[in-house]
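Student: Take this sequence and fold it.
(one chain, ligands or ions: 2)
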Amino acid sequence: MALILSGQGASRGIGIGRARVLESGGIEIPEYTLDPDHVGAEIDRYRAAVSAARVELTVVAERLGAQVASEVRDFIGTHLMMLEDDALVEAPVEFIRARACNAEWGLKQARDQLFAAFEQMQDDYFRARRDDVDQVVKRIQAALANRSVRNLFADEDALDDTVIVADDIEPAELSGLAERGLAAFIIETGGQLSHSSILARSLGVPCVVGVRGARQMVHEGQLLIVDGDRGFALIDPDGERLTRYRERQYELKRRATQLLRLAGAASLTGDGQAIRLWANAEQPKDLDLALKHGAAGIGLFRTEFLYLNRQTPPEEEEQYLAYVEAVKRMDAHPLTLRTLDIGADKQLPLGQDHDEPNPALGLRGIRLSLKFPELFKTQVRAILRAAVYGPVNMLLPMLGGPGDALQARALIREVEEELSAAGIRYQDHVPVGGMIEVPAAAIAAPRMVEILDFVSIGTNDLIQYTLAIDRGNQAVSRWYQPLHPSVLRLISAVIDTSTALGKPVSLCGEMAGDTRFTALLLALGLCDFSLHPRGILELKETLSRLQRKPLLALKRRILDAGLPEDVAEILRQAR
Ligand code: PEP
Ligand code: MG
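Tutor: Ligands and ions are numbered 1, 2, ... in the order given. Below is the predicted model of the structure:
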């Protein structure tokens, strides 16, 4: 009898493969050889990481209260001294220089050398110092990896038929795993709406999240079946189960191929209303998938992929080239580029305070752009220049209200003036839209919609912030209710206001691609859905089976319903 691990299905499909169990939040140490020209920069990177570790520890020391035991102070003092010691400051630099290796690897070599010396010592005191060295080394490694960015796998690692079992995987890590043939993910934490889950869906890799204790239950190399539809995994399945699941896998592939026939068909409800289906994209390869699946264009391109896994933000030219490439790839279909939306669970080393006590309510999305206007303007310049090559829209994330929208628009105007003054070619009048994903922005819909050229409803965050439920926290996931009356009223108000003012409105949260909500969204008057390209054809098929007019007649009852179950019941009766 196979052991069952249950959780929540976060990315659909069946994955079968061997387990690769990752250590808890541990930082895997990459090893690579550097071009001789880059050795100097790598040494600087190492020194900067040591300084960052020093600053971090000094802050910890300064914050220690009077009641803290003196041993704790001594312990931190020792670590600070180690951060000044040549054995950890200069020895790794020598390794980097002599072997042209990356900083992490140089540090590991220096650590191993120190450990070998400690092994020779009989004295318990010195042996205990070995643990201190280890902790200091980890601190520097963390600083090198921007604290939390693990470099999970060396590039050449084959990941075919591998099931990754981890406590958590950050978007930055996941995006590095694209196209590497992974079979599935089993993740101990997180919920269906965490960015990692969204990315797993975008990679088309089956994923189950919220599987507590998975790493204790699964051993490296064990055979696993991951059922992303039903939210569980089987350890060491018997032959019969394995056959059954392989058949299901085959069946799913067959259905996907069948659905592909719908790619060229118009997207219409059963009673003939045209519905535009846009694609969400996380990375450039999603653009091809979008076109293949017949998307009207890209309704949301999360540009964070350009900023992840690196020390400094991309320069204007790099962004410009990436956007031009995307515009050309879209072959005259509109491309909606969302400006940088980091913070919360997608942290980057851009000078923001990593110790924000409540990052989901902190410096994320447009707030970060407004705080670092040069960062924002660089991206805007690249977008406006790339827009010369095809239809582009610009989408602003996490607007908190009219003030944010006005300030962002003023900065965009500034960029236009600067480009004009410098005689640089750019596209005039690029439509600027806003994400409505903060309740305050939804409540202020009439004013927001006036300021913007179009709006896109981000239900992932709108639900999170309306209901005060962390979208990535499995412990509260049952309170994450898309059918909550307050959420529905906000969505409905934004759709109504935009329609009345003649401004395009789409919905680009995960709700758009979840066919359990299609009838509901039609009832609220939505005509533009933006979803992961892999879901477009299924949604098209679902739409063709629904009658829009009778659904619209249910809108009032739906909005007046008190409980999510009541809304579900109203929609069930209408079927
Ligand atoms: C949303 O919040 O619904 C959204 C689409 O943005 P993201 O998931 O990138 O936060
Ligand atoms: Mg969002």
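Student: what pLDDT, on average, does the longest helix along the chain get?
Tutor: Taking DSSP state H as the criterion, the chain has its longest helix at helix 39-63. Helix 39-63 shows a mean pLDDT of 86 in the predicted model.
Student: for it, packing partners?
Tutor: helix 70-82, helix 86-99, helix 103-120, helix 124-144 (3 or more C-beta pairs under 8 Å, 6 or more residues apart in numbering; DSSP states H and E). Just so you know, the C-beta spots here come from the backbone N, C-alpha and C atoms, and that holds for glycine as well.
Student: Leaving out sequence neighbours, find the closest residue to residue 338.
Tutor: Residue nearest to residue 338 in three dimensions, not counting chain neighbours: residue 395, with 4.2 Å by C-beta to C-beta, 6 or more residues apart in numbering.
Student: Give me the buried positions along stretch 450-459.
Tutor: 451, 452, 453, 454, 455, 456, 457, 458, 459 (16 or more other C-beta atoms under 10 Å).
Student: residues in contact with the fourth one?
Tutor: Which is residue 454. 393, 431, 433, 498, 503, 504, 505, 506 (C-beta atoms under 8 Å, 6 or more residues apart in numbering).
Student: do the same with the third one
Tutor: Counting by C-beta under 8 Å, 6+ apart, residue 453 touches 393, 431, 432, 433, 503, 504.
Student: Mind doing that once more with 7 Å?
Tutor: 431, 432, 433, 503 (C-beta atoms under 7 Å, 6 or more residues apart in numbering).
Student: Of those - the most surrounded one?
Tutor: residue 433 (25 neighbours; other C-beta atoms under 10 Å).
Student: In this structure that residue contacts residue 458, no?
Tutor: No. The pair residue 433 / residue 458 is not scored as a contact, 11.3 Å apart, by C-beta atoms under 7 Å.
Student: following the lowest-mean-pLDDT helix or strand in the chain, which helix or strand comes up?
Tutor: Lowest by mean pLDDT, DSSP states H and E among the helices and strands of the chain is helix 171-175, with a mean of 54. Per DSSP states H and E, the first helix or strand lying C-terminal to helix 171-175 is strand 184-187.
Student: and the chain, which of its residues are near ligand 2?
Tutor: 437, 458, 461 (C-beta under 5 Å from the ion).
Student: OK, contacts around residue 50?
Tutor: 83, 89, 140.
Student: Look up how far residue 46 lies from the last one.
Tutor: Translated: residue 140. To residue 46, residue 140 is 8 Å away according to C-beta to C-beta, to the nearest Å.
Student: give me the number of residues near residue 486?
Tutor: 12.
Student: Just the element for it, please.
Tutor: Assigned by DSSP H and E, residue 486 falls in helix 485-500.
Student: So which bits of that helix are buried?
Tutor: Buried residues in helix 485-500 (16+ other C-beta under 10 Å): 485, 487-498.
Student: before we move on, what about stretch 23-40?
Tutor: Result for stretch 23-40 [16+ other C-beta under 10 Å]: buried residues 27, 29, 30, 34, 39.
Student: If we only consider these, which is nearest to ligand 1?
Tutor: residue 27 (25.6 Å; C-beta to the nearest ligand atom).
Student: Quick check: residue 385 touching residue 319?
Tutor: No. Look at residue 385 against residue 319 with C-beta under 7 Å: they stay out of range, at 9.2 Å.
Student: For residue 88, which non-adjacent residue is closest in space?
Tutor: That would be residue 82: by C-beta to C-beta, 6+ apart, it lies 5.8 Å from residue 88.
Student: Who does residue 506 form a beta bridge with?
Tutor: residue 456 (DSSP bridges).
Student: Run the chain-centre distance for stretch 221-232.
Tutor: From the chain centre to the centre of stretch 221-232 is a distance of 22 Å (C-alpha atoms, centre = their mean, to the nearest Å).
Student: could I get the contacts of residue 50 as JSON lines with neighbour count and pLDDT?
Tutor: What follows is those, written out as JSON lines (neighbours: other C-beta atoms under 10 Å; pLDDT from 0 to 100):
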{"residue": "83", "neighbour count": "20", "pLDDT": "90"}
{"residue": "89", "neighbour count": "18", "pLDDT": "93"}
{"residue": "140", "neighbour count": "24", "pLDDT": "90"}
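Student: is stretch 429-439 anywhere near ligand 1?
Tutor: Yes. Judged by C-beta under 6 Å from any ligand atom, stretch 429-439 and ligand 1 are in contact via residue 437.
Student: what does that stretch contact?
Tutor: 384, 387, 392-400, 405, 409, 412, 442, 448, 452-458, 461-462, 465-466, 490, 494.
Student: List the ones among the residues you listed that fall in strands.
Tutor: 392, 393, 394, 395, 396, 454, 455, 456, 457 (DSSP state E).
Student: Of the residues you listed, just say which sits nearest to residue 425.
Tutor: residue 392 (13.8 Å; C-beta to C-beta).
Student: Now do the contacts for that closest one.
Tutor: Applying C-beta under 7 Å, 6+ apart, the residues near residue 392 are 327, 335, 337, 383, 386, 427, 430.
Student: Tabulate those residues in TSV, adding columns for secondary structure, distance to residue 214 and pLDDT.
Tutor: Converted to TSV, those look like this (DSSP: H, G, I helix; E, B strand; the rest coil; distance: C-beta to C-beta, whole Å; pLDDT from 0 to 100):
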residue	secondary structure	distance to residue 214	pLDDT
327	helix	42	98
335	strand	38	98
337	strand	37	98
383	helix	41	98
386	helix	42	98
427	coil	49	98
430	coil	46	98
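Student: Please identify which of the residues you listed is nearest to residue 376.
Tutor: residue 383 (10.5 Å).
Student: The closest one against residue 394, yeah?
Tutor: Yes. Applying C-beta under 7 Å, one finds residue 383 in contact with residue 394, separated by 5.6 Å.
Student: and the nearest residue to residue 335 once chain neighbours are set aside, what are its bridge partners?
Tutor: Of all residues beyond its chain neighbours, the one nearest residue 335 is residue 298 (4.8 Å), with distances taken as C-beta to C-beta, 6+ apart. Beta-bridge partners for residue 298, by DSSP bridges, are residue 279, residue 335.
Student: List the residues that contact residue 574.
Tutor: 519, 550, 551, 554.
Student: give me every residue that touches the third one.
Tutor: This means residue 551. Residue 551 touches 519, 522, 523, 574, counting by C-beta under 7 Å, 6+ apart.
Student: Assign it to helix, strand or coil.
Tutor: helix (DSSP: H, G, I helix; E, B strand; the rest coil).
Student: In the chain, which strand is the longest?
Tutor: strand 14-21.
Student: next one: it to chain centre, how far?
Tutor: The answer for strand 14-21 is 22 Å, by C-alpha atoms, centre = their mean.
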